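>>> 3D, please:
(one chain, ligands or ions: 1)
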Amino acid sequence: MKEILLKAENVRAYYKLEKVSVKAVDGLSFEILEDEVIGVVGESGCGKTTLSNVIFMNMVKPLTLVDGKIFLRVNGEFVELSSMTRDEVKRKFWGKEITIIPQAAMNALMPTIRMEKYVRHLAESHGIDEEELLDKARRRFEEVGLDPLWIKRYPFELSGGMRQRAVIAIATILNPSLLIADEPTSALDVVNQKVLLKVLMQMKRQGIVKSIIFITHDIATVRQIADRMIIMYAGKIVEFAPVESLLEKPLHPYTQGLFNSVLTPEPEVKKRGITTIPGAPPNLINPPSGCRFHPRCPHAMDVCKEKEPPLTEIEPGRRVACWLYMEERA
Ligand SMILES: Nc1ncnc2c1ncn2[C@@H]1O[C@H](COP(=O)(O)OP(=O)(O)OP(=O)(O)O)[C@@H](O)[C@H]1O
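Got it, this is the predicted structure:
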């Protein structure tokens with residue numbers, strides 16, 4: 001049995017605006033195991049990036065943790081990240097235990113600061129010998145396919161794909177257990193996309209990182225690299241299951257609609273034919289009652305409008321939040 005690396009319990013994180021709240025992550029419970037890759041998939045605006053910020057407690061106003069707990073296993077013991085401030089989590093765990101490759105990572109480095117300066121800064125803030133860490137950085141540059149001497153260069157001297165790999169090399173220099181990659185391939189050409197996926201998987205194989213959360217719109221990529229997949233809809237997890245079984249037999253009507261509407265369908269989807277999901281995702285300030293997908297769902301029943309379906313394990317390892325699969329609907 002694999003150990004749990006991170007667990008989230010009923011986590012709610014809202015953007016608290018002056019008069020209203022955007023319920024971007026609303027009651028999420030899940031766990032990430034050691035030595036696994038989890039793909040997080042869902043339409044734009046469903047809360048994927050918010051979720052990634054919540055996981056490493058990057059709460060910047062107006063984003064607020066309203067409820068729930070997040071635990072990370074550090075040296076064999078769970079620590080509750082959600083009981084700490086952002087600054088405390090940042091100081092103790094960012095880079096060391098948990099790291100993020102943000103959306104548009106290629107622009108994450110200041111163009112006018114030599115890359116080695118980031119490494120020197122890391123060494124200083126973690127009390128590590130600078131030369132030792134620079135040595136490690138040069139080796140890491142090589143591992144991600146960059147010339148080790150380029151560590152002395154300015155980011156603007158590198159192409160977009162190279163810059164992104166430089167970010168990955170620097171972000172993983174302290175061998176964090178968990179790496180969160182937020183749509184890392186979306187701004188890259190096909191060749192650089194492939195290189196990036198190879199680099200990430202190599203890092204996991206070599207034990208540089210233990211587990212990866214990979215946020216993407218691209219189901220084909222998830223299939224290539226992930227063990228399990230989380231499907232999000234309107235701030236909720238609607239389905240969570242091993243990738244192969246999910247692709248073979250998606251259970252939630254939203255997952256079915258999502259898979260059937262992708263432009264480059266997987267073979268299983270191709271067989272079923274491409275369709276689109278009618279309607280549009282809801283506004284998260286005032287989401288629909290009951291199941292948030294019910295206004296767009298072809299199978300909606302009365303109960304779906306009234307009661308929210310809990311994410312429930314209906315087969316070993318397969319969780320779905322849909323009344324179609326619950327015996328007890330009352
Ligand atoms: N700073 C903010 N203030 C208010 N609302 C926000 C803020 N950032 C995001 N949101 C809202 O929170 C919801 C979730 O956004 P989020 O960026 O997490 O979605 P996403 O699934 O990552 O989308 P994408 O795939 O386009 O990156 C959306 O309704 C979005 O408009």
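>>> spit out the contact partners of residue 277.
By Cβ atoms under 8 Å, 6 or more residues apart in numbering, the contact set of residue 277 is 254, 257-258, 261, 296. Bear in mind the C-beta positions are built from the backbone N, C-alpha and C, glycine included.
>>> kindly report the same for residue 94.
residue 56.
>>> how far away is it from residue 187?
Separation of residue 94 from residue 187 (Cβ to Cβ, to the nearest Å) stands at 23 Å.
>>> quick one: which of the contacts of residue 277 sit in strands?
Among the contacts of residue 277, DSSP state E puts none in strands.
>>> which single one of those is nearest to residue 120?
residue 258 (44.5 Å; Cβ to Cβ).
>>> tell me the confidence at the closest one?
With respect to pLDDT, residue 258 scores 91.
>>> that one contacts residue 41, correct?
Yes. Between residue 258 and residue 41 there is a contact at 7.3 Å, judged by Cβ atoms under 8 Å.
>>> looking at those two, which one has more neighbours?
More crowded of residue 258 and residue 41, by other Cβ atoms under 10 Å: residue 41, with 25 against 22.
>>> now that one: phi and psi?
Main-chain dihedrals, residue 41, degrees, to the nearest 10: phi -130, psi 150.
>>> distance of the nearest residue to it once chain neighbours are set aside from the ligand?
Distance criterion Cβ to Cβ, 6 or more residues apart in numbering; nearest residue to residue 41, sequence neighbours excluded, is residue 231 at 5.6 Å. Note on residue 231: its distance to the ligand, by Cβ to the nearest ligand atom, to the nearest Å, is 12 Å.
>>> tell me the pLDDT of residue 231.
So, for residue 231, pLDDT stands at 97.
>>> can you give me the neighbour number for residue 286?
Counted with other Cβ under 10 Å, residue 286 comes out at 11.
>>> what residues are up against it?
residue 20.
>>> now swap in residue 112 and tell me
154, 156.
>>> try 6 Å this time
For residue 112, no residue meets the contact criterion (Cβ atoms under 6 Å, 6 or more residues apart in numbering).
>>> ditto for residue 256
Contacts of residue 256 by Cβ under 6 Å, 6+ apart are residue 250.
>>> how near is it to the ligand?
For residue 256, the distance to the ligand - Cβ to the nearest ligand atom - is 19 Å.
>>> do residue 260 as well
19 Å.
>>> hang on, the earlier thing: in what helix or strand does the residue nearest to residue 41 lie?
strand 228-233 (DSSP states H and E).
>>> at the contact with the ligand, which residues of the stretch 151-300 of the chain appear?
residue 284 (Cβ under 6 Å from any ligand atom).
>>> tell me the residue of the stretch 151-300 of the chain that sits nearest the ligand?
residue 284 (4.5 Å; Cβ to the nearest ligand atom).
>>> that residue against residue 25, yeah?
No. Counting by Cβ atoms under 6 Å, residue 284 stays clear of residue 25, with 9.6 Å between them.
>>> more crowded one of those two?
The neighbour count for residue 284 versus residue 25, taken as other Cβ under 10 Å, is higher for residue 25 (31 against 22).
>>> need the longest helix for this protein.
Longest helix in the chain, counting residues (DSSP state H): helix 190-205.
>>> angle of the helix or strand following that one against strand 228-233?
Remark: after helix 190-205, the chain's next helix or strand is strand 211-216, criterion DSSP H and E. Here strand 211-216 runs at an angle of 40 degrees relative to strand 228-233 (axes from the mean of the first three to the mean of the last three Cα atoms, to 10 degrees).
>>> which parts of the stretch 1-150 of the chain are helices?
48-55, 86-93, 115-125, 130-143 (DSSP state H, counting those that start in this stretch).
>>> try the stretch 151-300 of the chain
Using DSSP H, counting those that start in this stretch, helices in the stretch 151-300 of the chain cover 160-171, 190-205, 219-225, 243-248, 253-260, 267-272.
>>> how about a markdown table for the ones you listed, with distance to residue 143 added?
Listed next are the helices of the stretch 151-300 of the chain as a markdown table, based on distance: least, Cβ to Cβ, whole Å:
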| stretch | distance to residue 143 |
| --- | --- |
| helix 160-171 | 7 |
| helix 190-205 | 7 |
| helix 219-225 | 18 |
| helix 243-248 | 26 |
| helix 253-260 | 35 |
| helix 267-272 | 33 |
